[in-house]
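Participant: Next come a sequence and a model predicted from it.
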Amino acid sequence: MNANGAAGGPILELQGVTKWIDTGARRVEILRGIDLTVERGEYVAIMGASGSGKSTLLGLLAGLDSPSAGRIRLDGEEISGLAEDRLSEIRGRKVGFVFQSYQLIPTLTAEENVLLPAELAGELGPDAYGHARQLLDTVGLSGRRDHYPVQLSGGEQQRVALARAFMRHPPLLLADEPTGNLDSQNGQQVLELLLSLNRREGATLVLVTHDHDLALCASRLLTMRDGRIVGDEKQAA
């Protein structure tokens, strides 16, 4: 068993995953028969042109959406076709998500935003507060925990989002263009924090990016085109 209570084996397994939208006049295929296995501890970067299906794939991995066809197993558990309440429970336990646009709650302080996953899970106790403050300290924001998102810079908001993603020790961390809205200096800081936190927490990282520097840090690079994975390359550490 690992630290998150699951047996060994791949963290993600996809078989024939397809996603389409019916517009009425025609069917638009976004993903076309994706087969993919991600092992525990991997850092996988996904690249491709806009419209290639990267963010759609990431949403399916997170259980934010369901495939039109095919199967997805997350941490050994089949998630394709599950009811939303069950998917929500699995996401809360097993997935941390970092968005390009931060997705912080504007009426909550930095600390309250980080605590939110624990609060939603009914785990808001002294240990949760201690862990949240430790995470904010790790991302360099211990002095800003009572500040609201509007009082924080973009780089600071993304660091709060990083801390929140790790709040419940998820075995899988997904990130969609986590440095896309940041300048190069803040982007580099967020990248270093992301990798540092990921190593410390022992999570698997799957990241969508247009940033070649970010992708070069990955142990594996997937390239997507027209809803398919057209490249799968192992990279030197």
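Facilitator: Looks like it arrived, so ask away.

Participant: In the chain, which residue is most central in space?
Facilitator: residue 174 (1.5 Å; Cα atoms, centre = their mean).

Participant: Helix or strand: which one has that residue?
Facilitator: Residue 174 is part of strand 172-176, with elements assigned from DSSP states H and E.

Participant: Now the element after the top helix by length along the chain, going C-ward?
Facilitator: Counting residues, the longest helix found in the chain (DSSP state H) is helix 184-201. Heading C-terminal from helix 184-201, the first helix or strand you meet, by DSSP H and E, is strand 204-208.

Participant: Show residues contacting that following strand.
Facilitator: Under the contact criterion Cβ atoms under 8 Å, 6 or more residues apart in numbering, strand 204-208 has outside partners 11-12, 38-47, 54-55, 57-58, 61, 171-178, 194, 198, 214, 218. (Each C-beta comes from the backbone N, C-alpha and C, glycine too.)

Participant: hang on, the earlier thing: bridge partners for the residue nearest to the centre of the chain, pull those for me.
Facilitator: residue 97, residue 206 (DSSP bridges).

Participant: From residue 152, how far off is it?
Facilitator: Using Cβ to Cβ, to the nearest Å, residue 174 is found at 23 Å from residue 152.

Participant: which residues of the protein fall in helices?
Facilitator: Under DSSP H, the chain gives helices at 54-61, 84-94, 110-120, 126-138, 154-165, 184-201, 212-216.

Participant: winner for burial among the ones you listed?
Facilitator: Among these, helix 154-165 has the highest mean neighbour count (mean count of other Cβ atoms under 10 Å), at a mean of 24.

Participant: Quick check: residue 59 touching residue 65?
Facilitator: Yes: Residue 59 is in contact with residue 65 according to Cβ atoms under 8 Å; the separation is 4.7 Å.

Participant: remind me which residues of this structure are low pLDDT?
Facilitator: Counting by pLDDT under 70, the chain contains low-confidence ranges at 1-7, 237.

Participant: any idea which residue of it is furthest from its center?
Facilitator: residue 25 (33.8 Å).

Participant: Angles on the backbone of that residue, please.
Facilitator: When read as degrees, to the nearest 10, the backbone of residue 25 gives phi -80, psi -30.

Participant: No further queries at this time; thank you.
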